[in-house]
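Chemist: I would like the atomic coordinates for the input below:
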Amino acid sequence: MFQSLRVSARIPARLVRWNSTATPVLPPLMATLRTDLKTAMRAKDTTRLNVLRALISETNNAAKTSSPIQTDIQLLSLIRKRLNATKDAAKEFEAAERPDLKEKEDAQAVVLEEYAGQVVTVPTAEITEAIVNQINALKAAGEKVNPGLLFKALFAQDGPLTGKPVDRKEVGAEIQKALKELS
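Modeler: Below is the predicted model of the structure:
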């Protein structure tokens, strides 16, 4: 008979674009990993291929979580995490008297260390200098210096380490070291 306006005014589902046009922000090292993956495939370098596939897979999985990997520093922490797991596995294989598996893990550790070395971070001397300057500033203001307050001050809106490529674990270790020297 007659067609209702409600049905005819709908946009067909196939004309609607459901995905976003925004591309995720990837760290610069990720492009290197992907090109090296292609090179490793062509060269049939299984050790490098396995390491790169694992790193890319973990990065893609992290993209689906609330904290995706968007910087080289975050990727560096992922690489260091994998490196520590690889070294632990190598120790376990050595204890279990499995030299073949230990060699495999050691080879993977070499590849991971190579990629960890590609990430440029702020030198330790510069971090230590910023920590000492911040401790002096807090003492001059009459505030008690504790690790949490110092960490917040270093990474505050106008802090000396804000926006710089710094590994926060390294900063925490340097803060502990500086506070031990003061006491």
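Chemist: following the helix ranked longest in the chain, which helix or strand comes up?
Modeler: Longest helix of the chain, by residue count under DSSP state H: helix 72-95. Next along the chain after helix 72-95, taking DSSP states H and E as the criterion, comes helix 99-116.
Chemist: For the helix or strand following that following helix, give the mean pLDDT please.
Modeler: Later in the chain than helix 99-116, the nearest helix or strand by DSSP H and E is helix 124-140. Here helix 124-140 scores 90 as its mean pLDDT.
Chemist: Which SSE is immediately downstream of helix 124-140?
Modeler: helix 147-154.
Chemist: List the residues that contact residue 48.
Modeler: Listed by C-beta atoms under 8 Å, 6 or more residues apart in numbering, the contact set of residue 48 reads 36, 40, 111. C-beta: built from backbone N, CA, C; applies to glycine.
Chemist: from those residues, which is closest to residue 104?
Modeler: residue 111 (11.2 Å; C-beta to C-beta).
Chemist: With residue 83 as the reference, measure out to the closest one.
Modeler: 10 Å (C-beta to C-beta, to the nearest Å).
Chemist: Give me the domain ranges for this structure.
Modeler: 28-118, 124-182 (the TED database).
Chemist: Packed most tightly, which of the ones you listed would that be?
Modeler: domain 28-118 (a mean of 16; mean count of other C-beta atoms under 10 Å).
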